[in-house]
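**Q** Pasting a predicted model and its sequence here:
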Amino acid sequence: MATIDTVREVLVENLDLDPEAVTETATIEELGIDSLDMAELVCDIEEKLDIDFGEPTGLTTVGQIVEHIDSL
């Protein structure tokens, strides 16, 4: 499964978002993701992908989240 698909799945499950709205260019703000949501997202992604995400600073789009994960 591609990283974007995993991120999309987690966002849809946790925040009840429309899967089509979760694109690489969608911003965290546009999707209504607050700091608590982001913390939960990071924990769920770490668990699903068995990675250590680190501190998600400076990430403003879904694509940047995907790039960060792929760089690990």
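**A** Done, it's in. Numbers count the residues shown, from 1 in each chain.
**Q** Please make it C-alpha for all contacts and neighbour counts, starting now.
**A** Will do.
**Q** How about the contacts made by Ala21?
**A** Applying C-alpha atoms under 8 Å, 6 or more residues apart in numbering to Ala21 gives the contacts Leu31.
**Q** Please repeat the previous calculation with a cut-off of 7 Å.
**A** Counting by C-alpha atoms under 7 Å, 6 or more residues apart in numbering, Ala21 makes contact with nothing.
**Q** before we move on, what about Leu41?
**A** The contact partners of Leu41, by C-alpha under 7 Å, 6+ apart, come to Val10.
**Q** What residues sit buried inside the biggest helix by length in the chain?
**A** In the chain, taking DSSP state H as the definition, the longest helix is helix 35-49. The neighbour-count check on helix 35-49 (16 or more other C-alpha atoms under 10 Å) flags 41-42, 44-45 as buried.
**Q** Tabulate the CA atom coordinates of that helix in PDB.
**A** C-alpha atoms of helix 35-49 as PDB (Å, rounded to 0.1, in the frame of the first residue of the first chain):
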ATOM      1  CA  SER A  35      -2.900  19.700  17.000                       C
ATOM      2  CA  LEU A  36      -4.700  17.000  18.900                       C
ATOM      3  CA  ASP A  37      -5.800  15.400  15.600                       C
ATOM      4  CA  MET A  38      -2.200  15.600  14.300                       C
ATOM      5  CA  ALA A  39      -0.900  13.900  17.400                       C
ATOM      6  CA  GLU A  40      -3.400  11.000  17.000                       C
ATOM      7  CA  LEU A  41      -2.600  10.800  13.300                       C
ATOM      8  CA  VAL A  42       1.100  10.500  14.000                       C
ATOM      9  CA  CYS A  43       0.500   7.700  16.600                       C
ATOM     10  CA  ASP A  44      -1.800   5.800  14.300                       C
ATOM     11  CA  ILE A  45       0.700   6.100  11.400                       C
ATOM     12  CA  GLU A  46       3.600   5.000  13.600                       C
ATOM     13  CA  GLU A  47       1.600   2.000  14.600                       C
ATOM     14  CA  LYS A  48       0.400   1.000  11.100                       C
ATOM     15  CA  LEU A  49       3.800   1.500   9.500                       C
END
